[in-house]
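Enquirer: here is the input, now give the coordinates:
(2 chains)
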Amino acid sequence: MNEWLIAATVLLLGLVPCGIVMMRGTIVEALVALQMAGVLETVTFLLLAEGYHRGPFFDLALALALLALAGGLVFARMLERWV
Amino acid sequence: MSASSIAVVILLVVGVAIELACCVGVLVMRDAHDKLHYIGPASILGPIAVAGAIVIRESLSQAGVKAIITAVLLIIANPVLTHATGRALYIRRRDQLEPEREVG
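Expert: You can find the predicted model right below:
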């Protein structure tokens, strides 16, 4: 286990507070926690890709960063109008 | 242990610490507006530190360039998402986007 995988494992602990906010907070607070979780997962994918020396894994991080932006915008638009 | 390895470890520790601190901030702050502030450092400083560590290790290879692009994408996406979320919260609280006018 190299330093990249250790950092990725430690970073995953950050999903716990995000999950708590998602379950216990208001719906807008849950959206904020979801955005934070998206950033965490993107950075975790970067660390895993480097840790396993797999070049294609970097594409996962790139795709997740793009999709998290799109998803966050859709959720924000939905929350301001309908929910 | 070479200087580049030490720099990589330092950047990784700094990046992970920033991300975890921001997660704790999202957990303990009372209001959604307060929580929103903690996405900024997590989306800017953390990815810069991690991408910097990857570039030090891999130089500007395919992996290094993809890490830089991902970090730039997160940096660009953060203000857009924060603005959209803040706007949604504002509209939900006031039922309108325009500021309230004073009567009289």
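Enquirer: can you show me the helices along chain A?
Expert: A:3-12, A:15-24, A:27-52, A:57-81 (DSSP state H).
Enquirer: residue B:4 is nearest to which of those helices?
Expert: With respect to residue B:4, and counting by C-beta to C-beta, the nearest of the helices of chain A is helix A:3-12 at 12.4 Å. The C-beta positions use only the backbone N, C-alpha and C, and glycine is treated the same way.
Enquirer: quick one, the closest one and helix A:27-52 angle?
Expert: For the pair helix A:3-12 and helix A:27-52, the angle between their directions (axes from the mean of the first three to the mean of the last three C-alpha atoms, to 10 degrees) equals 170 degrees.
Enquirer: list of residues touching helix A:3-12?
Expert: A:40, A:43-44, A:47-48, A:50-52, B:8-9, B:12-13, B:15-16, B:19-20, B:50 (C-beta atoms under 8 Å, 6 or more residues apart in numbering or on different chains).
Enquirer: buried set for that helix?
Expert: If you call a residue buried by 16 or more other C-beta atoms under 10 Å in any protein chain shown, then helix A:3-12 has these buried ones: A:3, A:4, A:7, A:8, A:10, A:11.
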